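Visitor: Sequence and predicted structure below; questions after.
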Amino acid sequence: MIEVNELTKRYGRTTAVNNLTFTVRPGQVTGFLGPNGAGKSTTLRMILGLNRPTSGSVTVQGHPFRDRPRGLRHIGGLLDAADVHGGRSARAHLAVLARSNAIPSGRVEEVLGEVGLSDAARRRIGGFSLGMKQRLGIAAALLGDPPVLLFDEPLNGLDPEGVLWVRGLFRRLAAEGRTVLVSSHMMREMENTADQLVVIGRGELIAEEPLTDFAARGTGLNVTVRTPDPGRLTDLLTAEGAAVRPDSDGSLSVTGVDAARIGELAFDHRVLLHQLATRTASLEEAFMELTADSVEYLAGDPR
Amino acid sequence: MTALAAARRATAPAPAADEPRARFRDLLAAEWLKLWTLRSNWWAIGLSGLALIAMNANGALADYTYWANYSQDVRDGFVPYGSLSDAFTNNAGICLLLAAGCIGAINVTGEYSTGLIRVSIAAVPARRSLLAAKIAVVSAVMTAYGFVVAFASFWITQAILSGRHAGVSISQPGAVHVIVVSALLAPVSALVGMGLGALIRHSATTMVTVIVLLLLLPNLLTDNHRWEADLSHSLLLRAWQRLKETGPQSLPPGLPGYHLATVAGSWTVYAVWPLVAVAIALTVVHRRDL
């Protein structure tokens, strides 16, 4: 459990985080979302005790993390995969961390195997790809078998197989009853990963709710339908209260009813469907709409 | 005291069920591993050590080669002060100062410049303990390095000089003193380097500061004014030069307009620089954001 309480961080005249309060609960994956410069990394650093809050407090499992003499058994954190010394091997990097926390060296081999770096363990980190560094950072976070895990943009640089693996890992860690906080500036990354969302913009809280609630806040679910009889289906859907817009490629873009209801209607009225898909961009749109006021660096923004 | 300890125990976070007690020994072991798992440290320590020994040997070799050209007076007066002076030359001392200062600095700034410091401190939130362990390990290694270099230099230079019957043995009064004073220059410089590294955190800027403070400044100051002499004598290089001087002073003390450093003052300089460096390092690491 992570409790962030009225957290504020100022650097000179810039306010990076402003009066932020939220709670990250165990047993689920919490997505920490916000546009670039929203204060996500600053918040994560304050949770890890790296930066001191200007005011407010953060506790992890009920205590400020900074007061712990050793950290790896309490929080596993991956802030930036590049925070390593390129001259060390992957195994040496982990061995140093393990030693400082009195973690048996066998655990190093375990986590190397878990992230799929066993074969690269003796290679210098300097020669690693970003994806490999992400895996190494995740291995370091897992070293102490901690109840709380933080990941800052962990999907950067991972190949599709890696992304799938990471998602599975986060789900498993949460299912084991751990607290898992994953930050991202890409809503799409959260879609198949997070159960709960904490959304911030310009250092302030925008939303703290389940992912499904957040998605429903947007323009509404957007469903793409393809049928040989668009006119008939449009009438049916409009009667149901949905808004239907024909797309240029001949498909229909439907908002106001979900895919299941559209399927039912089509079945009841014997309308043939060729395609029925919820558009995944709807989450992205919800996110964009909500954070539009708080984007720090907007393209074309007169400054 | 017990009440305070009890109060602290009450507010300290409860450890995880299977968490072993936090031991400083683990941090020392981790820092030891950190030092030796970087090949650049092997190279820096090994090559600079060999270079220093070679520089000293070369100095003795020069005396050996030109021995025949020396006047009878010089030859007669060479043992023991000339021999002891060859055991660790001034140039080698300057290079030792720089090498040790930079090795110390790079071991601290390396963590900051790579960002590794964030990972290290997230693993060990007790920042001062973490840095203290690093300082202890690097100082110990540099002390061993200093003694190996100083002993080897003594042995080789005296072996070369003995070819002219000008070598002295380790039992010669002042011999051990010269070795100890030069050997200690390594950890003292490394500590200053680490302190500056923790303060500045930027590799290149730290290196420049090490060079200016340890090398350039002592060469810019003269002993001609009281204030200038005081300032000059408070610098490491001058303290080493004073301490390794075993023979009679080349200038009598108290000569008008010329001020000599004292031995006690120079030992104080040897102690104060590293102490201040450590104090600064431990203070800033605790306070700063990362």
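Guide: That came in fine, so what should we check first? It should be emphasised that the depicted structure is a prediction, and the values quoted were computed from it without experimental measurement.
Visitor: distance of residue B:87 from chain A?
Guide: The gap separating residue B:87 from chain A is 35 Å, by C-beta to the nearest C-beta, to the nearest Å. (Glycine included, C-beta is placed from N, CA and C.)
Visitor: Direction included, what does the helix or strand containing residue A:197 pair against?
Guide: Taking DSSP states H and E as the criterion, residue A:197 maps to strand A:196-201. According to DSSP bridges, strand A:196-201 forms sheet pairs with strand A:29-33 (parallel), strand A:204-210 (antiparallel).
Visitor: I'd like the ones you listed laid out as JSON lines, including distance to residue B:171.
Guide: Conversion of the strands paired with strand A:196-201 to JSON lines gives the following (distance: least, C-beta to C-beta, whole Å):
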{"stretch": "strand A:29-33", "distance to residue B:171": "70"}
{"stretch": "strand A:204-210", "distance to residue B:171": "76"}
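Visitor: list the contacts for the residue of the stretch 151-300 of chain A at minimum distance from chain B?
Guide: Closest residue of the stretch 151-300 of chain A to chain B, C-beta to the nearest C-beta: residue A:152 (10.6 Å). By C-beta atoms under 8 Å, 6 or more residues apart in numbering or on different chains, residue A:152 lies in contact with A:40, A:41, A:44, A:78, A:79, A:80, A:183.
Visitor: quick one: which of those sit in helices?
Guide: Here DSSP state H is the test, and the contacts of residue A:152 give A:40, A:41, A:44 as lying in helices.
Visitor: Could you double-check that the second one sits in contact with residue A:183?
Guide: Yes - between residue A:41 and residue A:183 there is a contact under C-beta atoms under 8 Å: 7.4 Å.
Visitor: These two: which has the busier surroundings?
Guide: residue A:183 (24 against 19; other C-beta atoms under 10 Å in any protein chain shown).
Visitor: Name the nearest residue to that one, sequence neighbours excluded.
Guide: Once flanking residues are discounted, residue A:183 sits nearest to residue A:32: 4.0 Å by C-beta to C-beta, 6 or more residues apart in numbering or on different chains.
Visitor: Same question for whatever helix or strand residue A:238 lives in: list its buried residues.
Guide: Using DSSP H and E, residue A:238 sits within helix A:230-239. For helix A:230-239, the neighbour count (16 or more other C-beta atoms under 10 Å in any protein chain shown) marks A:230, A:233, A:234, A:236, A:237 as buried.
Visitor: Looking at those, which is nearest residue A:201?
Guide: residue A:237 (34.2 Å; C-beta to C-beta).
Visitor: what about that closest one, distance to residue A:225?
Guide: Here the distance between residue A:237 and residue A:225 works out to 8 Å (C-beta to C-beta, to the nearest Å).
Visitor: just to revisit the earlier point, ok, the contacts of residue A:152 vs residue B:200, which is closest?
Guide: Residue B:200 lies nearest to residue A:80 out of the contacts of residue A:152, by C-beta to C-beta, at 21.7 Å.
Visitor: Quick check: closest non-adjacent residue to the closest one.
Guide: The nearest residue in space to residue A:80 (C-beta to C-beta, 6+ apart) is residue B:115, at 6.1 Å.
Visitor: Surely residue B:59 is in contact with residue B:89?
Guide: Yes - using C-beta under 8 Å, residue B:59 is in contact with residue B:89, at 4.2 Å.
Visitor: Now do the contacts for residue A:126.
Guide: Counted by C-beta under 8 Å, 6+ apart, residue A:126 has contacts A:86, A:87.
Visitor: tell me the pLDDT at it?
Guide: If you check residue A:126, the pLDDT there is 95.
Visitor: The one helix or strand residue B:199 maps to - contacts with which helices or strands?
Guide: If you go by DSSP H and E, residue B:199 is part of helix B:175-200. Contacts defined by 3 or more C-beta pairs under 8 Å, 6 or more residues apart in numbering or on different chains; DSSP states H and E place helix B:175-200 against helix B:81-87, helix B:90-114, helix B:127-161, helix B:203-211, helix B:236-244, helix B:263-287.
Visitor: and of the ones you listed, who's closest to residue A:131?
Guide: helix B:90-114 (18.9 Å).
Visitor: any bit of the next helix or strand after the closest one sitting next to chain A?
Guide: Downstream of helix B:90-114, the next assigned helix or strand under DSSP H and E is helix B:116-123. Yes - for helix B:116-123 and chain A, the contact criterion (C-beta under 8 Å from any C-beta of the partner chain) is met by B:116, B:117, B:118, B:119, B:120, B:121, B:122, B:123.
Visitor: Strands of the stretch 51-200 of chain A, start to end?
Guide: A:55-60, A:75-78, A:148-152, A:179-184, A:196-201 (DSSP state E, counting those that start in this stretch).
Visitor: Dump these to TSV, plus mean pLDDT.
Guide: As requested, the strands of the stretch 51-200 of chain A are arranged in TSV below (pLDDT from 0 to 100):
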stretch	mean pLDDT
strand A:55-60	96
strand A:75-78	96
strand A:148-152	96
strand A:179-184	95
strand A:196-201	92
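Visitor: Of the ones you listed, which stretch is the most buried?
Guide: Most buried of the strands of the stretch 51-200 of chain A, by mean neighbour count (mean count of other C-beta atoms under 10 Å in any protein chain shown): strand A:75-78, with a mean of 27.
Visitor: Dump that one to PDB, keeping only the CA atoms.
Guide: Taking C-alpha atoms only, strand A:75-78 is exported to PDB below (Å, rounded to 0.1, in the frame of the first residue of the first chain):
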ATOM      1  CA  ILE A  75      10.000  -1.500  -2.600                       C
ATOM      2  CA  GLY A  76      11.300  -2.800  -5.900                       C
ATOM      3  CA  GLY A  77      11.700   0.300  -8.100                       C
ATOM      4  CA  LEU A  78      12.600   0.800 -11.700                       C
END
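Visitor: That one: how far from the chain's middle?
Guide: Offset of strand A:75-78 from its chain centre (C-alpha atoms, centre = their mean, to the nearest Å): 15 Å.
Visitor: same question, stretch A:113-125
Guide: That offset, for stretch A:113-125, works out to 25 Å (C-alpha atoms, centre = their mean).
Visitor: go on, stretch B:41-48?
Guide: With C-alpha atoms, centre = their mean, you get 15 Å for stretch B:41-48.
Visitor: Quickly check: it near chain A or not.
Guide: No - residues of stretch B:41-48 are not located near chain A by C-beta under 8 Å from any C-beta, the shortest gap being 8.8 Å.
Visitor: contacting residues around that stretch?
Guide: B:35, B:36, B:95, B:99, B:102, B:103, B:106, B:107, B:141, B:145.
Visitor: mind putting those in CSV, neighbour count, distance to residue B:187 and pLDDT included?
Guide: As requested, the contacts of stretch B:41-48 are exported to CSV (neighbours: other C-beta atoms under 10 Å in any protein chain shown; distance: C-beta to C-beta, whole Å; pLDDT from 0 to 100):
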residue, neighbour count, distance to residue B:187, pLDDT
B:35, 19, 14, 96
B:36, 14, 17, 95
B:95, 16, 16, 96
B:99, 25, 12, 97
B:102, 23, 14, 96
B:103, 24, 11, 96
B:106, 23, 15, 96
B:107, 26, 13, 96
B:141, 22, 9, 98
B:145, 23, 8, 98
